[in-house]
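Asker: Sequence first, then the predicted structure:
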Amino acid sequence: MIWVLLAPLALIAACNRGAHPAQTGKAAPDFTISDGKTTVHLASYRGQVVLLNFWASWCMPCVEELPSLLTLHHEQPNLTIVAVSVDEDPDAYSRFILRHHVDLITVRDPSESTAQLYHTDMWPETYLIDRNGIIRRKFVGPQDWTSTEIRKYLNTL
């Protein structure tokens, strides 16, 4: 009987992964990742608004949001987009980057060490980090990065 009563509470807690994670309003965990081709150190972007996107080439929702993420990248040059891939296969990752003309900052982190710092384990998940290195918002799932709502929010930062 207790399991019947506790199961809905667990589901409700699981749904609380949205725009207000425990990290909102706190300093973004710093990291340095290198995949042999690219090295990213988050602290080097201090003073810039950063959109930190966790993704994978095999993730259909990630592929779904990619065109609008690339559009945002081209239309908002003052926004730094850092895309951290959890792909294990370096060849599949490289083919994906070439095939989809990904020209934003991206790095492969197959160990998911950076995602673990952000308590992220589903893809895509994206964190919006302000100029002072504070997490302002978390986006769960694929987004339309060209939406008016998101653009207005980005402009407030």
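Answerer: Here it is on my side, so go on.

Asker: Show the residue spans covered by the strands in this protein.
Answerer: With DSSP state E applied, the chain shows strands at 32-34, 39-41, 49-55, 79-85, 105-108, 125-129, 135-140, listed in chain order.

Asker: Out of the ones you listed, the one nearest residue 116 is which?
Answerer: Closest of the strands of the chain to residue 116 is strand 49-55, at 10.4 Å (criterion: C-beta to C-beta). For glycine as for every other residue, the C-beta is placed from the backbone atoms N, C-alpha and C.

Asker: Now do the closest one against strand 135-140: the angle between them, please.
Answerer: 30 degrees (axes from the mean of the first three to the mean of the last three C-alpha atoms, to 10 degrees).

Asker: pLDDT weak spots in the chain?
Answerer: Across the chain, residues meeting the criterion (pLDDT under 70) sit at 1-21.

Asker: check contacts around the residue nearest the centre of it.
Answerer: Nearest residue to the geometric centre of the chain (C-alpha atoms, centre = their mean): residue 53, 1.9 Å. Neighbour list for residue 53: 69, 81-84, 124-126 [criterion: C-beta atoms under 8 Å, 6 or more residues apart in numbering].

Asker: Go ahead and confirm residue 109 touches residue 88.
Answerer: No. Taking contacts as C-beta atoms under 8 Å, residue 109 lies outside contact range of residue 88: 10.1 Å.

Asker: Pick out whichever of those two has more residues nearby.
Answerer: residue 109 (19 against 13; other C-beta atoms under 10 Å).

Asker: and the gap between that one and residue 30?
Answerer: Distance of residue 109 to residue 30, computed by C-beta to C-beta, to the nearest Å: 14 Å.
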